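> quick one: sequence and predicted model below, then my questions.
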Amino acid sequence: MKLVITFVFVLMCLSSCNDGKQPVKGETEFQRELNAEYKDASLSPLKEEDRKEFEGLYFFKYDSTFVVDALFTRITDALPFKMKTTTDRLPEYVKYGVLDFFLNDEIFQLNVYQNQELIKQEGFENYLFLPFSDETNGIESYGGGRYIDLRIPESYKLIIDFNSAYNPYCAYNDKYSCPIVPRENYIPLNVTAGVKSFKNY
């Protein structure tokens with residue numbers, strides 16, 4: 001009988017104790033990876049007091065409606081320009097291409113950019129930056145708009161998953177310098193996908 005009790009106790013400890021670690025929250029891999037990053041003191045953009053209380057970001061419910069096929073058109077004659085940020089920093093970008101897509105039976109167009117310094121780093125040679133703003137900004141999502149990470153496609157087709165939209169670090173900590181979403185990358189509808197406002201304000 002003692003052996004049985006001991007075995008049950010060990011099983012309970014293995015399932016509930018687990019060194020005190022809590023499972024990372026999130027319904028999708030993207031949500032879990034982002035939450036894990038924000039819990040990690042070496043990676044998190046959160047202020048220390050916010051990170052200590054952090055349990056997980058708020059996300060819109062995953063919606064496949066916001067996974068769209070876009071027509072990618074490369075811009076070959078674009079000149080580098082200084083993109084405005086929330087500070088005096090002016091990183092150099094190039095308008096790399098244009099994305100045309102249908103959403104809610106309407107056609108939209110967004111510009112996608114390439115950071116000229118970032119592409120010099122290993123692993124980011126084909127990285128593209130898609131900042132956008134929409135009607136949820138300042139209400140359900142961060143007022144300054146959100147970002148999506150993309151890669152240079154091998155053809156004229158590129159998939160945009162708005163469920164992977166995330167906030168600039170400035171949404172969590174004003175010590176960061178974040179690119180300001182260009183006016184032409186505004187979508188006049190509610191993009192209810194991706195990360196919501198911090199603490200769901």
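In hand now; what should we look at? Residues are numbered from 1 along each chain as shown.

> can you spell out which helices and strands pack onto the longest strand along the chain?
Secondary structure of the chain per DSSP state E: the longest strand is strand 92-103. Applying 3 or more CB pairs under 8 Å, 6 or more residues apart in numbering; DSSP states H and E, one finds that strand 92-103 contacts strand 67-74, strand 81-82, strand 106-115, strand 127-134, strand 157-161. In short, each C-beta sits where N, CA and C put it, glycine included.

> swap in 7 Å and give it another go.
Packing partners of strand 92-103 (3 or more CB pairs under 7 Å, 6 or more residues apart in numbering; DSSP states H and E): strand 67-74, strand 106-115, strand 157-161.

> scan the helices and strands of the chain for the one with the lowest mean pLDDT.
Lowest by mean pLDDT, DSSP states H and E among the helices and strands of the chain is helix 2-16, with a mean of 44.

> center of the protein - which residue?
residue 166 (2.4 Å; CA atoms, centre = their mean).

> what sits against it?
34, 146-147, 194-195 (CB atoms under 7 Å, 6 or more residues apart in numbering).

> in a markdown table: those residues, plus distance to residue 68, neighbour count and secondary structure.
Shown next, in a markdown table, are the contacts of residue 166 (distance: CB to CB, whole Å; neighbours: other CB atoms under 10 Å; DSSP: H, G, I helix; E, B strand; the rest coil):
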| residue | distance to residue 68 | neighbour count | secondary structure |
| --- | --- | --- | --- |
| 34 | 21 | 21 | helix |
| 146 | 15 | 26 | strand |
| 147 | 17 | 21 | strand |
| 194 | 13 | 28 | coil |
| 195 | 18 | 22 | strand |
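
> make TSV out of those residues and add pLDDT and distance to residue 93.
Formatted as TSV, these follow (pLDDT from 0 to 100; distance: CB to CB, whole Å):
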residue	pLDDT	distance to residue 93
34	96	24
146	98	17
147	98	13
194	98	22
195	97	22
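
> pick out whichever of those sits closest to residue 111.
Sorting those by how near they are to residue 111, with CB to CB, puts residue 147 at the top with 13.1 Å.

> now that closest one: closest residue in space that isn't a chain neighbour?
Distances taken as CB to CB, 6 or more residues apart in numbering place residue 131 nearest to residue 147, at 5.2 Å, with adjacent residues excluded.

> number of nearby residues for the one you found?
Using other CB atoms under 10 Å, residue 131 is surrounded by 22 other residues.

> alpha carbons only: can I get stretch 105-114 in PDB?
Output of stretch 105-114 as PDB, limited to C-alpha atoms (Å, rounded to 0.1, in the frame of the first residue of the first chain):
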ATOM      1  CA  ASP A 105     -14.300  41.300 -50.900                       C
ATOM      2  CA  GLU A 106     -12.300  44.400 -51.300                       C
ATOM      3  CA  ILE A 107      -8.900  44.900 -52.900                       C
ATOM      4  CA  PHE A 108      -6.100  46.500 -50.900                       C
ATOM      5  CA  GLN A 109      -2.500  47.400 -51.500                       C
ATOM      6  CA  LEU A 110       0.400  47.600 -49.100                       C
ATOM      7  CA  ASN A 111       4.100  48.400 -49.500                       C
ATOM      8  CA  VAL A 112       6.700  46.100 -48.200                       C
ATOM      9  CA  TYR A 113      10.100  47.400 -47.100                       C
ATOM     10  CA  GLN A 114      13.700  46.200 -46.700                       C
END
